[in-house]
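>>> just to be clear, the model below is a prediction. Sequence and coordinates:
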Amino acid sequence: EFGFLNQPEILYDRTNIIPIQSEHNNLYSSREDFNFEEASHLLMRTTIGPTLEEINTAVDMGLEATLDRLFDKLEAPMPPGDWVYHAGPPNFSDLNSTQKDSIRDEWENRILLMGIWWVDLMKYSEMNISEMMVLFWHDHFATSAETVKFTPSMFIQNKLFRQYATGNFKDLVKSINYDPAMLFWLDNDKNYYINENNNTINENYSRELLELFTMGEGNYTQQDIVETARALTGIDSDGMYSIFSPIRHDHGLKNILGTIGNHNPEDVIDIIFEHQATSRFICEKLYKWFVYEHPDDEIVNQMVDILIDNNFEIEPVLRSLLSSEHFYDENFRGSKYKSPVWYSVGTFRQLYLDYPLEHEFIIWYSYPLGEQLFFPPDVSGWDGYRSWINTYTLPYRKLFVNQVVDGYEGLLPEWSDVIQFAEKFNSTNPEILLQEMMDYLFVIMPSEQTQLILLQELLDGTDINEWTLYAEGAEQRLKDVIKHMMRLEEFQLR
């Protein structure tokens, strides 16, 4: 049984939680040691399911060279199909019901292909931070294909996140103003002003721009939302391309955050970024994404300074954070829960599994595990952290583990390479084998009692000095041990 189910207070009690604190509060104090544990910690936070070879390569290269590799600029991936370049959606009022249903079915199939495409990019990614950052921006600028059904628009947004993965935050927000998916998602394509008698000032996007995308609650007023909406009038899109139409823009004076002028969409972002609250807001989110749910104020303040000093470039902030003593503090090991995407894709990567239909299997499981790519629950994104583990999702994690190892009819074969997996470690001694597998799969160790149970399960009554990986029944015992390990609470953490 899942150990979690017998300890509900660990999972669900949100009260009286004492945040982890670090004695290292200087972001400019760089890490000197970089052993297997540190390399694993870095890659577990910046990539999805780092393999044993990737961790050992990082150790051999050292911290600085590993960061260089993580921040290498990658070429844009091939799209999931030529349909991403198709013309904008048709006018549904010109179509009959059969034609409409056919187009909707096609779009639904294409968003499934988009999910498979993205899973493939994560699964076969190089040692690079890009996929974690694309996930970060997808969660930050949460846009759902439930509303944006024209799939090329969702592809264009994902492409934009890749372009600015660790690039300039301010430029990214300016681009989001014109993003076809975002325009449709938050109704800014309906925000226009022709004259006093012909206008529709829609505040949906301006509200979320201030609250969720840049400044955070408490740093603006309702009037700022209205004035920002006026400044954002006149942008429209056909689902592929967006334009600014001056004749649909409100050219009157607007007072946004105390700055008065005939502001346009570019001016809005310039004004927002003049306020330090914007830099602090994104730095806190980056800290929570890479370090811990409860930001350290001193560290975040230093991140803010670096962001502003570097004209809102994200990479210098992350480089400083990921090379700091603060980041490698042992207190933060295992302080983050594996998201469903990290959990599922990462498991396939770390077990070296490679099956024809594995991507479909991962997409299929994304709903019960609680994180469907391109389908965030709302504009605020996923709650994350402790919400990933609950009485509904946890049994599905157990089922996922069983089917990954034992196979699942029609999608996955039974794992046949478990002996080859074990041979990557010291496979002559069962105690050492078990310890090395735990070092690889866990960032914090199970209790001594749990480790003893795992060893006994591996030995199955065999004398420790007579045990061999190639004995009759050893393969099945090894599978059972690995399934047991992946059901432990420690495996849910990174």
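Sure, I can see it.
>>> for this protein, which spans come out with low pLDDT?
1-17 (pLDDT under 70).
>>> need the longest helix for it.
Determined from DSSP state H, the single longest helix within the chain is helix 97-123.
>>> mind listing the helices for the stretch 101-250 of the chain?
Assignment of helices within the stretch 101-250 of the chain using DSSP state H, counting those that start in this stretch yields the ranges 130-140, 151-163, 169-176, 180-185, 204-208, 222-231.
>>> out of those, which is the most enclosed?
helix 180-185 (a mean of 25; mean count of other Cβ atoms under 10 Å). For every residue, glycine as well, the C-beta is placed using N, CA and C.
>>> who touches that one?
In this structure, residues lying in contact with helix 180-185 by Cβ atoms under 8 Å, 6 or more residues apart in numbering are 141, 143-144, 147-148, 150, 153-154, 156-157, 176, 188-189, 205, 235-242, 379.
>>> what does stretch 265-275 give?
With contacts defined as Cβ under 8 Å, 6+ apart, stretch 265-275 is touched by 170, 173-174, 177-178, 209-210, 214-215, 219, 228, 231-232, 234-235, 244, 256-257, 259, 261, 263, 278-279, 312.
>>> could you double-check that Lys398 lies in contact with Leu488?
No: using Cβ atoms under 8 Å, Lys398 makes no contact with Leu488, being 10.7 Å away.
>>> so which of these two has more stuff around it?
Comparing Lys398 with Leu488 by neighbour count (other Cβ atoms under 10 Å), the higher total belongs to Leu488, at 19 against 16.
>>> would you mind measuring from the most centrally placed residue in the chain to Glu64?
The central residue of the chain, meaning the one whose C-alpha is nearest the mean C-alpha position (Cα atoms, centre = their mean), is Leu135 at 3.3 Å. Remark: distance between Leu135 and Glu64 (Cβ to Cβ, to the nearest Å) = 25 Å.
>>> check Leu434 too.
On the measure of Cβ to Cβ, Leu434 and Glu64 end up 33 Å apart.
>>> same drill for those two, tell me which one is more crowded.
Each of Leu434 and Glu64 has its neighbours counted (other Cβ under 10 Å); Leu434 has more, 21 against 12.
>>> so the more buried one is in which element?
Assignment of secondary structure by DSSP states H and E places Leu434 within helix 430-441.
>>> enumerate every residue touching Val341.
Neighbour list for Val341: 48, 122, 135, 366, 371, 373 [criterion: Cβ under 8 Å, 6+ apart].
>>> which elements pack onto the host helix or strand of His359?
His359 is part of helix 358-369, with elements assigned from DSSP H and E. Using 3 or more Cβ pairs under 8 Å, 6 or more residues apart in numbering; DSSP states H and E as the contact test, the elements touching helix 358-369 are helix 97-123, helix 340-350, helix 393-406.
>>> in a markdown table, list those along with distance to Gly473.
Below are those laid out as a markdown table (distance: least, Cβ to Cβ, whole Å):
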| stretch | distance to Gly473 |
| --- | --- |
| helix 97-123 | 32 |
| helix 340-350 | 24 |
| helix 393-406 | 16 |
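>>> and among those helices, the most buried is which?
Neighbour counts (mean count of other Cβ under 10 Å) averaged over each of the helices and strands packed on helix 358-369 peak at helix 340-350, with a mean of 23.
>>> centre of the chain to that helix, how far?
When distances are taken as Cα atoms, centre = their mean, to the nearest Å, helix 340-350 is centred 12 Å away from the chain's centroid.
>>> next, the angle helix 393-406 makes with it.
With axes from the mean of the first three to the mean of the last three Cα atoms, to 10 degrees as the basis, helix 340-350 and helix 393-406 are set at 20 degrees to each other.
>>> with only the CA atoms kept, save helix 340-350 in PDB.
What follows is the C-alpha trace of helix 340-350 in PDB, where atoms were taken according to Å, rounded to 0.1, in the frame of the first residue of the first chain:
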ATOM      1  CA  PRO A 340       2.300  14.900 -12.800                       C
ATOM      2  CA  VAL A 341       4.200  15.800 -16.000                       C
ATOM      3  CA  TRP A 342       7.600  15.500 -14.200                       C
ATOM      4  CA  TYR A 343       6.500  12.300 -12.500                       C
ATOM      5  CA  SER A 344       5.300  10.500 -15.600                       C
ATOM      6  CA  VAL A 345       7.800  11.700 -18.200                       C
ATOM      7  CA  GLY A 346      10.600  11.600 -15.600                       C
ATOM      8  CA  THR A 347       9.800   8.000 -14.600                       C
ATOM      9  CA  PHE A 348      10.100   6.900 -18.200                       C
ATOM     10  CA  ARG A 349      13.400   8.800 -18.600                       C
ATOM     11  CA  GLN A 350      15.000   7.500 -15.400                       C
END
